[in-house]
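>>> prediction below, plus the sequence it came from.
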Amino acid sequence: MSKGTLFDKVWDAHTVGVLPSGQTQLFIGLHLIHEVTSPQAFAMLRERELKVLYPERTVATVDHIVPTENQARPFADVLAEEMMQALEESAKEHGIRFYDIGSGSQGIVHVIAPEQGLTQPGMTIACGDSHTSTHGAFGAIAFGIGTSQVRDVLASQTLALSKLKVRKIEVNGDLRPGVYAKDVILHIIRQLGVKGGVGYAYEYAGTAIEAMSMEERMTVCNMSIEGGARCGYINPDATTFEYLKGTDFAPTGADWDEAVEWWTSIRSDADAEYDDVIRFDAAEIAPTVTWGITPGQGIGVNEVLPLPEKLPEDDRAIAQEAYNYMKLHPGNPIKGTKVNVCFVGSCTNGRISDLREAAQFAQGKQVAKGVKAFIVPGSERVKQQAEAEGLDKVFEAAGFEWRNAGCSMCLAMNPDKLQGDQISASSSNRNFKGRQGSSTGRTLLMSPVMVVAAAVSGEVADVRELLPSHTL
Ligand SMILES: CC(C)[C@H](C(=O)O)[C@@H](O)C(=O)O
Ligand code: SF4
């Protein structure tokens, strides 16, 4: 085993060769596909009369276009129905495992692979989706790729890639009550910028990261791409192994012991050299809310909106653009900003622990009048589990709608959309202009519990003021 960072070790272990371009030909252990970025790739394969080289290393699901209310086929949206059929047919033709609606295991691609144990430490994982970085939470090197690269992986199980630099981001100490993994990553992106990670893999470390559950780690790694990093990862440890043990695709018996040995050996060495190291103090992170049109435009919920002239020069033009679009005003507090729609879900925050926290907070409260609030589990398994625990009932009693699994209003390639210039409080990961289905719709990103706090208050609220005093 080579020495160095986990990134170096996993990269070396999967290197097939060096291409004339100087790029590495990297073997991809697991290829995840969904309905949006795969149809064209399959068409390109068909044109060249190529087969999928390793169908057993390819796993398909549907998530983006799936309606979360009426799932009867054919879908009302003709284009969505076509995408659905294209994937169903391609999966059948090439013998690819496909988690269809109603299979019991369908869901957002970045939720289903980890929950089934498909995602494992030391793997290389690719998916035609930018948030593939999520899988790095297990100590995998996981990349989002474009459609032509999806074709390449289907046909050759390899990718031509240039090696990345590695930045270690340490978060040390204890998070304060009311502060979640989502706040950690929003804070990191606020500080390092949405382009700060370009050319890097982010390795998250430090005691606050080590203390996180796998689902919290996934939330952090998920948004690496929003910080400009191509991937993000966390060294696998006892928490990782415990989560994986007993999942559908985890090794068993002697294979398990061997796997744990290999997974342990790929951890970054204590004396590994990094291209950069940055440290954060967990205690300084507040519940964070975005106010603008990039995930880096975030502030602590108790702060006021920044004055463009006080920002670093590079950030001023985009801040002005954000104020014009968001119809918010520099110097005003973010707290108290009225919201119209509240959405808990997405591959960032649609897992069972997110729903448990949201439900616990929603218990006994009521969604404010005039606010539409809904909860979308990240997968059918998350939905089943939540219902077994009665979380759906808690949400419904509090005035939230309870939906079926999918990407939903994270991206709004389905019926869940903002109307006009509505403002959403959203547990998703992108607040780009028009992201949630209306060209003038406005998105405030925050943690699931903060979304619930906004839903019951009718405005952006500081969750710390609403938590029972004994928890503070
Ligand atoms: C549709 C898909 C290609 C896209 C992505 O790459 O991330 C989507 O998942 C998103 O979150 O914007
Ligand atoms: S939940 Fe959102 S970010 Fe995640 S894959 Fe779906 S659209 Fe992309």
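Cool, the structure landed. Ligands and ions are numbered 1, 2, ... in the order given.
>>> now do the helices in the stretch 151-300 of the chain.
Along the stretch 151-300 of the chain, counting by DSSP state H, counting those that start in this stretch, helices occupy 181-192, 207-210, 214-222, 238-244, 253-265.
>>> could I get the average pLDDT for the last one?
Right, the one you point to is helix 253-265. Helix 253-265 shows an average pLDDT of 98 in the prediction.
>>> same question, stretch 67-78
97.
>>> how about that stretch as PDB, C-alpha atoms only?
Coordinates of each C-alpha in stretch 67-78 appear next as PDB, following Å, rounded to 0.1, in the frame of the first residue of the first chain:
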ATOM      1  CA  PRO A  67     -43.600  13.200  -9.000                       C
ATOM      2  CA  THR A  68     -43.900  13.000  -5.200                       C
ATOM      3  CA  GLU A  69     -47.700  13.000  -5.100                       C
ATOM      4  CA  ASN A  70     -49.400  11.200  -8.000                       C
ATOM      5  CA  GLN A  71     -47.000   8.600  -9.300                       C
ATOM      6  CA  ALA A  72     -49.500   6.900 -11.600                       C
ATOM      7  CA  ARG A  73     -48.100   6.000 -15.000                       C
ATOM      8  CA  PRO A  74     -47.900   7.300 -17.600                       C
ATOM      9  CA  PHE A  75     -46.800  10.500 -15.900                       C
ATOM     10  CA  ALA A  76     -48.700  13.600 -16.800                       C
ATOM     11  CA  ASP A  77     -45.500  15.200 -18.000                       C
ATOM     12  CA  VAL A  78     -44.700  13.600 -21.300                       C
END
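>>> picking up where we left off before, of the helices of the stretch 151-300 of the chain, which is nearest Lys369?
Of all the helices of the stretch 151-300 of the chain, helix 181-192 sits nearest to Lys369, with 26.8 Å by Cβ to Cβ. The way it works is simple: take the backbone N, C-alpha and C, and place the C-beta from them, glycine included.
>>> what residues sit buried inside the closest one?
Residues of helix 181-192 classed as buried under the neighbour-count rule (16 or more other Cβ atoms under 10 Å) are 181-190, 192.
>>> could you see whether ligand 2 lies near that helix?
No - between helix 181-192 and ligand 2, judged by Cβ under 6 Å from any ligand atom, nothing touches; the nearest distance is 13.2 Å.
>>> other residues contacting that helix?
Contact with helix 181-192 is made by 169, 171, 175, 196, 208, 212, 215-217, 219-220, 222-224, 226-228, 278, 280, 282, 285-290, 295-299, 348-349, 427, 445-448, as judged by Cβ atoms under 8 Å, 6 or more residues apart in numbering.
>>> just the buried residues of the residues you listed.
Of the contacts of helix 181-192, these count as buried by 16+ other Cβ under 10 Å: 169, 171, 175, 196, 208, 212, 215-217, 219-220, 222-224, 226-228, 280, 282, 285-290, 295-299, 348-349, 427, 445-448.
>>> circling back: mark which of the contacts of helix 181-192 are part of strands, please.
The strands in this structure, assigned by DSSP state E, contain 169, 171, 278, 280, 288-290, 298-299, 445 from the contacts of helix 181-192.
>>> correct me, but Val153 touches Thr147?
No - applying Cβ atoms under 8 Å, one finds Val153 not in contact with Thr147, separated by 10.8 Å.
>>> what sits against Lys417?
Contacts for Lys417 (Cβ under 8 Å, 6+ apart) come out as 409, 436-438, 441.
>>> among those residues, which pair sits farthest apart?
Among the contacts of Lys417, Met409 and Ser438 lie farthest apart (Cβ to Cβ), at 10.4 Å.
>>> more neighbours, those two?
Met409 (29 against 16; other Cβ atoms under 10 Å).
>>> just give the nearest non-adjacent residue to the more buried one, would you?
Among residues not flanking Met409 along the chain, Asp416 sits closest, at 4.1 Å (Cβ to Cβ, 6 or more residues apart in numbering).
>>> what strand or helix carries the one you found?
Remark: Asp416 resides in no helix or strand, with elements defined by DSSP states H and E.
>>> do I have it right that it meets Ser408?
Yes - counting by Cβ under 8 Å, Asp416 does reach Ser408; the two are 4.5 Å apart.
>>> what sits in contact with each of those two?
Residues touching both Asp416 and Ser408 (Cβ under 8 Å, 6+ apart): 68, 343, 374, 376.
>>> the third one: neighbouring residues, count only.
Meaning Phe374. Count around Phe374 with other Cβ under 10 Å applied: 21.
>>> show me what it is bridged to.
Phe343, Glu401 (DSSP bridges).
>>> and the residue of the stretch 351-472 of the chain that's closest to ligand 1?
Leu411 (5.1 Å; Cβ to the nearest ligand atom).
>>> which ones are touching Glu69?
With contacts defined as Cβ under 8 Å, 6+ apart, Glu69 is in contact with 403-404, 415.
>>> show me what from the stretch 51-200 of the chain comes close to ligand 2.
Along the stretch 51-200 of the chain, the residues adjacent to ligand 2 under the rule Cβ under 6 Å from any ligand atom are 63-64, 108, 110, 129, 131.
>>> need the residues you listed in TSV (columns: secondary structure and neighbour count).
Formatted as TSV, those follow (DSSP: H, G, I helix; E, B strand; the rest coil; neighbours: other Cβ atoms under 10 Å):
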residue	secondary structure	neighbour count
Asp63	coil	29
His64	coil	21
Ile108	coil	32
His110	helix	33
Asp129	coil	25
His131	helix	27
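>>> could you list which of the residues you listed also contact ligand 1?
Answer for those near ligand 1 (Cβ under 6 Å from any ligand atom): 64, 129, 131.
>>> any idea how far the residue nearest to Met409 is from Ala72?
16 Å (Cβ to Cβ, to the nearest Å).
>>> these two: which has the busier surroundings?
Taking other Cβ under 10 Å, Asp416 and Ala72 do not tie; Asp416 has more neighbours (24 against 8).
>>> could you measure from that one over to ligand 2?
Between Asp416 and ligand 2 the computed distance is 11 Å (Cβ to the nearest ligand atom, to the nearest Å).
>>> can you name the residues that contact that residue?
Counted by Cβ under 8 Å, 6+ apart, Asp416 has contacts 67-68, 343, 374, 376, 403, 408-409, 437.
>>> pull the number of nearby residues for the residue of the stretch 1-150 of the chain found nearest ligand 1.
Nearest residue of the stretch 1-150 of the chain to ligand 1: Ser130, at 3.5 Å (Cβ to the nearest ligand atom). Neighbour count for Ser130, taken as other Cβ under 10 Å: 17.
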